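Q: take this sequence and fold it.
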Amino acid sequence: MDYPQEHIKPYGEEGTKAVQVERMFNHIAPTYDQLNHTLSMGIDRSWRRKAIHTLRPYHPQQILDIATGTGDFAILACRELQPQSLIGADISEGMMEVGREKVQQAGLADKVSFAREDCTALSFADATFDAVTVAFGVRNFEHLDIALGEMCRVLRPNGHLVILELSTPDRFPMKQLFTLYSKVVMPLIGKLISKDNSAYTYLPESIRAFPQGEVMQQAIRNAGFSQVRFRRLTFGICTLYVATK
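A: Next up is the predicted model:
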């Protein structure tokens, strides 16, 4: 299926979305964590915990964190779930370099590793992982259906997929407040901190265009998953999707 956000690029110029997303994240990597926590007012930490807690009953031992970025989700998942190993995969070496430093400081280098991966053509064998996670990354995928299919392929039977993604509230007054915040405040703060005018204009545009709720739920089902459910968090600013292979 063709999704609107697949055609939204950070810099709006010639070239693939994947190449532009990689360039954008390499550029903003040094300030990404500060921006992330500032723009979400720290609520992103509680969202990550809720997502990780959905995996606790299954005790996954081999975890793949796609679009791992600077490793916040990977580090927290490793601490909370105590897997044998966790691989953080991303296309941005700049983001993963920050993540590697954080993993070293956290004393988790024996469990958490990083790998540059294209989410539409993962290098891992079929049925490798007990759980696959994606936190705030799926809206950046150039080909969502292919990426979801790859996540299903590398999961073991009865393995679990957990996706966290920013979404657009659909009820008054949060819908109106979020529109104002995303169109005015988010680009301004992003520009001031990251010095990248395009990155935080792209962010709200990609959120608004991304398939949400039932549409995303069906896309996950179409990729081969069952028992797909979703839960809106913080008045719909974020959505948590959980599925079983």
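Q: report all helices and strands that the lowest-mean-pLDDT helix or strand in the chain contacts.
A: Taking mean pLDDT, DSSP states H and E as the measure, the helix or strand of the chain with the lowest value is helix 186-194, at a mean of 77. Contact here means 3 or more Cβ pairs under 8 Å, 6 or more residues apart in numbering; DSSP states H and E; on that basis helix 186-194 packs against helix 32-39, helix 199-209. Any C-beta I mention is one placed from the backbone N, CA and C, and that applies to glycine too.
Q: how about these in TSV, adding distance to Gly224, mean pLDDT and mean neighbour count?
A: Shown next, in TSV, are these (distance: least, Cβ to Cβ, whole Å; pLDDT from 0 to 100; neighbours: other Cβ atoms under 10 Å):
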stretch	distance to Gly224	mean pLDDT	mean neighbour count
helix 32-39	31	82	17
helix 199-209	24	86	21
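Q: among those helices, which is nearest Ile163?
A: helix 199-209 (14.1 Å; Cβ to Cβ).
Q: so the closest one versus helix 32-39, what angle?
A: Per axes from the mean of the first three to the mean of the last three Cα atoms, to 10 degrees, the angle that helix 199-209 makes with helix 32-39 is 60 degrees.
Q: begin at 18 from here
A: All set: I'll call the first residue 18, so the last point we hit is now helix 216-226.
Q: who touches helix 216-226?
A: 20-22, 25-27, 41, 44-45, 52, 56, 156-157, 183-185, 199-200, 203-204, 206-208, 211 (Cβ atoms under 8 Å, 6 or more residues apart in numbering).
Q: what's the helix or strand just after it packed up against?
A: Using DSSP states H and E, the next helix or strand after helix 216-226 towards the C-terminus is helix 231-239. Here helix 231-239 touches helix 161-171, strand 172-183, strand 243-250, strand 255-261, going by 3+ Cβ pairs under 8 Å, 6+ apart.
Q: try it again at 6 Å.
A: strand 243-250 (3 or more Cβ pairs under 6 Å, 6 or more residues apart in numbering; DSSP states H and E).
Q: C-alpha coordinates for stretch 192-210, PDB please?
A: Extracted in PDB, the C-alpha atoms of stretch 192-210 (Å, rounded to 0.1, in the frame of the first residue of the first chain):
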ATOM      1  CA  LYS A 192      -6.400  18.200  18.700                       C
ATOM      2  CA  GLN A 193      -6.300  22.000  18.500                       C
ATOM      3  CA  LEU A 194      -3.600  22.300  21.100                       C
ATOM      4  CA  PHE A 195      -1.400  19.700  19.400                       C
ATOM      5  CA  THR A 196      -1.900  21.400  16.000                       C
ATOM      6  CA  LEU A 197      -0.600  24.700  17.400                       C
ATOM      7  CA  TYR A 198       2.200  23.000  19.200                       C
ATOM      8  CA  SER A 199       3.400  20.900  16.200                       C
ATOM      9  CA  LYS A 200       3.100  23.700  13.700                       C
ATOM     10  CA  VAL A 201       4.700  26.600  15.800                       C
ATOM     11  CA  VAL A 202       6.400  25.400  18.900                       C
ATOM     12  CA  MET A 203       8.000  22.200  17.700                       C
ATOM     13  CA  PRO A 204       9.800  23.700  14.600                       C
ATOM     14  CA  LEU A 205      10.900  26.700  16.700                       C
ATOM     15  CA  ILE A 206      12.500  24.600  19.500                       C
ATOM     16  CA  GLY A 207      14.000  22.200  17.000                       C
ATOM     17  CA  LYS A 208      15.600  25.000  15.000                       C
ATOM     18  CA  LEU A 209      17.000  26.700  18.200                       C
ATOM     19  CA  ILE A 210      18.500  23.500  19.600                       C
END
